[in-house]
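>>> Got a predicted structure here, sequence first:
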Amino acid sequence: MLVISGCGNNTATKAASTSSPAASPSAAAEASSVPAADKLNIKVSFYPMYEFTKSITGDLANVEVLVPPGVEPHDWESTAKDMADISDADVLVYNGAGMEGWVQQIVDGAAGSDLITIEASKGLQVIEGTEHEHEHEHEHSHEEEATAEADHDHDHDHQHDESATEGSGHDHSHNDTAVSEADHDHDHDHDHDHDHGGLDPHVWLDPVMAIKEVRTIEAALSAAFPGNAAAFRANSDAYIAKLEKLDQDFRAGLQNTKRKDFITQHAAFGYLAQQYGLTQVPIAGLSPEQEPSAAQMAKIVEFAKANKVTTIFFETLVSSSVADTIAQEIGAKTAVLNPIEGLTEEDAAHNLDYLSLMRQNLEALIQALNE
């Protein structure tokens, strides 16, 4: 197994097959001129990782998302077929920071194989998740990784902020530099259940963090497949320009709102709030399945009344019953604030993607914070 990372970092539903989203995130996903036999085979954990990765690889890879549209990724459990499909892939891209409780089993099971694993959040500062504020930053760190595999016939020094791990046995040229990660002060274990281990994994909801994840994926792919590095960089630059515009629009749109706090169903928006000077007031914790206690509900209601909150945000893929209950009690309305953990069937039918859904989130926040 080749482990590559960049520093920059239930309604229990089982998906029996690997699938790709109906939505095409960018022009990079258009019809290919690259022969199918020459394409990389990349599996990704859930939707944002699909869009980020496909925007980097374009025609050079078949990218398939494991968690299908309409399924909450916290709920998804891999099947034996999924495990076999992943083992046959060239690359597995996942978010990390505890988001995919099942991923460590896959990584462990792929030991000794040629599977390249890329953790997009590697090296990012991950904040601690609480049931209330996400104010305390907690550095996401991992043990220094250096995996060496034999049977390489070539050396390639690919200059990135991080180096990659030695790999072997691929038909696609893997460079044999070593992953070295420094300046990490805290090690955390990846949970094997639907628990984030106290860390907030929702980094993709901050466009600035999303840019870093894209660069991490790009750097790792370029290190593993240096012949494609120039194309990966060009594609990444084009997509990151869109993310930079998204960040600028969030910054401008949220800078002078009448209020800065918003109530949301679960604590998925800590990074976004931190980036743009907002205060997230989550009804429950990091897991969308977590039910708030009666005392928590009472505190949220008290806060909403005291601060004249007019909108309670809920999210796609899970029930809105808790948000509905609070909204009814205080005479507020409900609206969607989408954590973009997966596409709904409606999203896919309308060809929505990460960028368009984030813009919907921006519009919803601007409206709610100016009432």
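Good, I have the coordinates.

>>> so where do the helices sit in the protein?
Listed in chain order, the helices of the chain (DSSP state H) span 47-57, 80-88, 103-109, 207-224, 229-254, 270-275, 294-306, 321-330, 345-349, 354-369.

>>> for those, which one sits closest to Ile118?
Closest approach to Ile118 among the helices of the chain (CB to CB): helix 207-224, 4.4 Å. In short, each C-beta sits where N, CA and C put it, glycine included.

>>> Just name the most buried of the helices of the chain.
Among these, helix 47-57 has the highest mean neighbour count (mean count of other CB atoms under 10 Å), at a mean of 28.

>>> So which of the helices of the chain is nearest Val281?
Taking CB to CB as the criterion, helix 294-306 is the member of the helices of the chain that comes nearest to Val281, at 6.2 Å.

>>> follow-up on the earlier one: turn the helices of the chain into TSV, including mean pLDDT and distance to Leu124.
TSV is the format used below for the helices of the chain (pLDDT from 0 to 100; distance: least, CB to CB, whole Å):
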stretch	mean pLDDT	distance to Leu124
helix 47-57	98	13
helix 80-88	87	24
helix 103-109	80	16
helix 207-224	98	6
helix 229-254	98	15
helix 270-275	97	9
helix 294-306	93	29
helix 321-330	93	29
helix 345-349	89	26
helix 354-369	98	17
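
>>> now for the ones you listed, which one comes closest to Val71?
helix 47-57 (10.0 Å).

>>> okay, the angle between the closest one and helix 207-224?
50 degrees (axes from the mean of the first three to the mean of the last three CA atoms, to 10 degrees).

>>> report the angle between the axes of helix 47-57 and helix 229-254?
Comparing the axes of helix 47-57 and helix 229-254 via the same axes, to 10 degrees yields an angle of 130 degrees.

>>> Who are the packing partners of helix 47-57?
Contacting helix 47-57 under the criterion 3 or more CB pairs under 8 Å, 6 or more residues apart in numbering; DSSP states H and E are the following elements: strand 40-44, strand 61-65, strand 91-94, helix 207-224, helix 229-254, helix 354-369.

>>> need those in TSV with distance to Leu337, can you?
Conversion of the helices and strands packed on helix 47-57 to TSV gives the following (distance: least, CB to CB, whole Å):
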stretch	distance to Leu337
strand 40-44	24
strand 61-65	22
strand 91-94	24
helix 207-224	15
helix 229-254	13
helix 354-369	6
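
>>> so which of these comes closest to Val309?
Val309 lies closest, by CB to CB, to one member of these: helix 354-369, at 8.4 Å.

>>> quick one: that closest one to chain centroid distance?
The offset between the C-alpha centroid of helix 354-369 and the centroid of the whole chain comes to 18 Å, using CA atoms, centre = their mean, to the nearest Å.

>>> again with stretch 253-260
On the basis of CA atoms, centre = their mean, the separation between the geometric centre of stretch 253-260 and that of its chain is 26 Å.

>>> With only the CA atoms kept, save it in CSV.
As requested, C-alpha coordinates have been extracted for stretch 253-260 and formatted as CSV (Å, rounded to 0.1, in the frame of the first residue of the first chain):
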residue,chain,number,x,y,z
GLY,A,253,-22.1,38.7,1.5
LEU,A,254,-21.7,38.0,5.2
GLN,A,255,-19.5,40.9,6.2
ASN,A,256,-22.2,43.4,7.2
THR,A,257,-25.2,41.3,8.1
LYS,A,258,-27.5,42.5,10.8
ARG,A,259,-26.9,39.5,13.0
LYS,A,260,-24.0,37.0,13.2
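
>>> Same question for that stretch: list its buried residues.
Neighbour-count burial for stretch 253-260, with 16 or more other CB atoms under 10 Å as criterion, is recorded at 253-254, 257.

>>> Can you convert the residues you listed into a markdown table and add a column each for distance to Ala349?
As requested, the buried residues of stretch 253-260 are exported to a markdown table (distance: CB to CB, whole Å):
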| residue | distance to Ala349 |
| --- | --- |
| Gly253 | 27 |
| Leu254 | 29 |
| Thr257 | 32 |
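
>>> For Arg359, list the residues it contacts.
The neighbourhood of Arg359, defined by CB atoms under 8 Å, 6 or more residues apart in numbering, consists of 246, 249.

>>> And it, how close does it get to Arg251?
Computed as CB to CB, to the nearest Å, the Arg359 to Arg251 distance reads 14 Å.

>>> and of the helices and strands packed on helix 47-57, who's closest to Glu51?
Distance to Glu51, taken as CB to CB, is lowest for helix 354-369 among the helices and strands packed on helix 47-57, at 4.5 Å.

>>> how about the CA coordinates for the closest one, as CSV?
Coordinates of the C-alpha atoms in helix 354-369 are reproduced here as CSV (Å, rounded to 0.1, in the frame of the first residue of the first chain):
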residue,chain,number,x,y,z
TYR,A,354,-20.6,21.7,-4.5
LEU,A,355,-20.2,25.2,-5.9
SER,A,356,-23.9,25.7,-6.7
LEU,A,357,-25.0,24.2,-3.3
MET,A,358,-22.5,26.4,-1.4
ARG,A,359,-24.0,29.4,-3.2
GLN,A,360,-27.5,28.3,-2.1
ASN,A,361,-26.1,28.2,1.5
LEU,A,362,-24.7,31.7,1.1
GLU,A,363,-28.1,33.0,-0.1
ALA,A,364,-29.9,31.3,2.8
LEU,A,365,-27.5,32.8,5.3
ILE,A,366,-27.7,36.3,3.9
GLN,A,367,-31.4,36.2,4.1
ALA,A,368,-31.6,34.8,7.6
LEU,A,369,-28.9,37.0,9.0
